[in-house]
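> missing the sequence, but the structure's below:
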């Protein structure tokens, strides 16, 4: 089973987002901490058991896998040996009950993932299986790096949580590269590329102690000379930047005779983020036209089925009292992106959907609309 950074995803897009009004109550987090979370902050196995139980009282259901007791492995020992290397990446001290909750939450998610990848590699059937687990986890973390630029919050708790996540994910990614070098291939992100995602203004802020840019700069300066990379002069060849995708939150293409409209989308923010992913992964162009690069119709048909299953659309509207049928959702999206996937949609089966999501982490990671 693939390892998913569930908690980090739920912080960015789910009920754990610190910028939600439902998370603005200090009393809520004080009660959570007192109910066995603080007592088990150093034992991720027990911590997550209590976290899942506690959240049920708030109607939050977390599907967290890979929760196991600490295992004994040479790779866990390797992670432990790296503590001094990454000591600068310690999350800043919490200052309230809310920040204390997120401090423990992020630390325990880091430990859970570290333990999970060690367990999966230890129990892999062969080297190909090990590569699969490590590369999929790195793909997961890379997807999260890409999402940070979408989160523009400047209130104190949101900044605290986002910066804590950035430092933790940077550290985890680099540690995985060091512990499992034979399984990562040549596509892993460099430090420079990660910094471009999480600290795009690094050069301007690296001497400001109040920023994570400063922490990263201190880490780079403290590295051993043979490992040192000059963040300014390193010139790794990158793909040229694509033009900026302009989100269109409306029905812009005329002539549609179906029953749905843009008003039938349940969560416009999540839908817009999904469309940006369609653009980033070459499904659509700047004008919202389907590209059909590399025969993507089959993949797109699977995406439509996934969007339906994850409740991206309303079941009905006031104009049409019957429940929408799946093909009506497909007709709406086909018209929006100027494509016909009727044949691929009919033939798309659960096995193909599963195969496509495994090959495309961003699809597998699409959040559910609540």
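Structure received. Values in this document were obtained by computation on a predicted structure and should not be read as measured data. Numbers count the residues shown, from 1 in each chain.

> Can you mark which positions in the helix or strand of the chain with the lowest mean pLDDT are buried?
When the helices and strands of the chain are compared on mean pLDDT, DSSP states H and E, helix 74-81 comes out lowest with a mean of 74. Under the neighbour-count criterion of 16 or more other CB atoms under 10 Å, helix 74-81 has 75, 76, 79 buried. Using the backbone N, CA and C atoms, a C-beta is placed for each residue, glycine as well.

> Stretch 106-126 too?
Neighbour-count burial for stretch 106-126 [16+ other CB under 10 Å]: 106-121, 124.

> ok, residues contacting the least confident helix or strand of the chain?
70, 114, 115, 118, 121, 122, 175, 178, 179, 180 (CB atoms under 8 Å, 6 or more residues apart in numbering).

> and the two most separated of the residues you listed?
With CB to CB as the measure, no two of the contacts of helix 74-81 lie farther apart than 70 and 178, at 19.9 Å.

> Closest one to residue 354 out of the buried residues of helix 74-81, please.
Distances from residue 354 to the buried residues of helix 74-81, taken as CB to CB, are shortest for residue 75 (28.4 Å).

> could you measure that closest one against residue 150, distance?
Residue 75 sits 33 Å away from residue 150, going by CB to CB, to the nearest Å.

> go on, residue 32?
27 Å.

> ok, the two, which is more surrounded?
More crowded of residue 32 and residue 150, by other CB atoms under 10 Å: residue 32, with 23 against 12.

> That one touches residue 53, doesn't it?
No - with contact defined as CB atoms under 8 Å, residue 32 does not count as touching residue 53 (10.7 Å).

> helix or strand right after the least confident helix or strand of the chain?
Remark: after helix 74-81, the chain's next helix or strand is helix 97-122, criterion DSSP states H and E.

> what is the mean pLDDT for that next one?
Helix 97-122 shows a mean pLDDT of 93 in the predicted model.

> What helices and strands are in contact with the helix or strand residue 351 falls within?
Applying DSSP H and E as the criterion places residue 351 in helix 350-359. Under the contact definition 3 or more CB pairs under 8 Å, 6 or more residues apart in numbering; DSSP states H and E, helix 350-359 sits against helix 297-309, helix 361-364.

> okay, the contacts of helix 74-81 in TSV with distance to residue 248 next?
What follows is the contacts of helix 74-81, written out as TSV (distance: CB to CB, whole Å):
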residue	distance to residue 248
70	49
114	41
115	43
118	44
121	44
122	48
175	40
178	43
179	44
180	42
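
> so what's residue 207 up against?
Listed by CB under 8 Å, 6+ apart, the contact set of residue 207 reads 214, 217.

> ok, it to residue 360 distance?
40 Å.

> ok, now residue 281?
Counting by CB to CB, the gap from residue 281 to residue 360 is 7 Å.

> For the closest residue in space to residue 88 that isn't next to it in sequence, what is the enclosing helix or strand?
In this structure, residue 88 finds its nearest non-sequential neighbour in residue 219, 4.7 Å apart by CB to CB, 6 or more residues apart in numbering. Assigned by DSSP H and E, residue 219 belongs to helix 212-222.

> So which bits of stretch 334-347 are buried?
The neighbour-count check on stretch 334-347 (16+ other CB under 10 Å) flags 334, 335, 336, 337, 339, 341, 344, 345 as buried.

> give me the low-pLDDT residue ranges for this protein?
68-74, 185-186, 224-241, 294 (pLDDT under 70).
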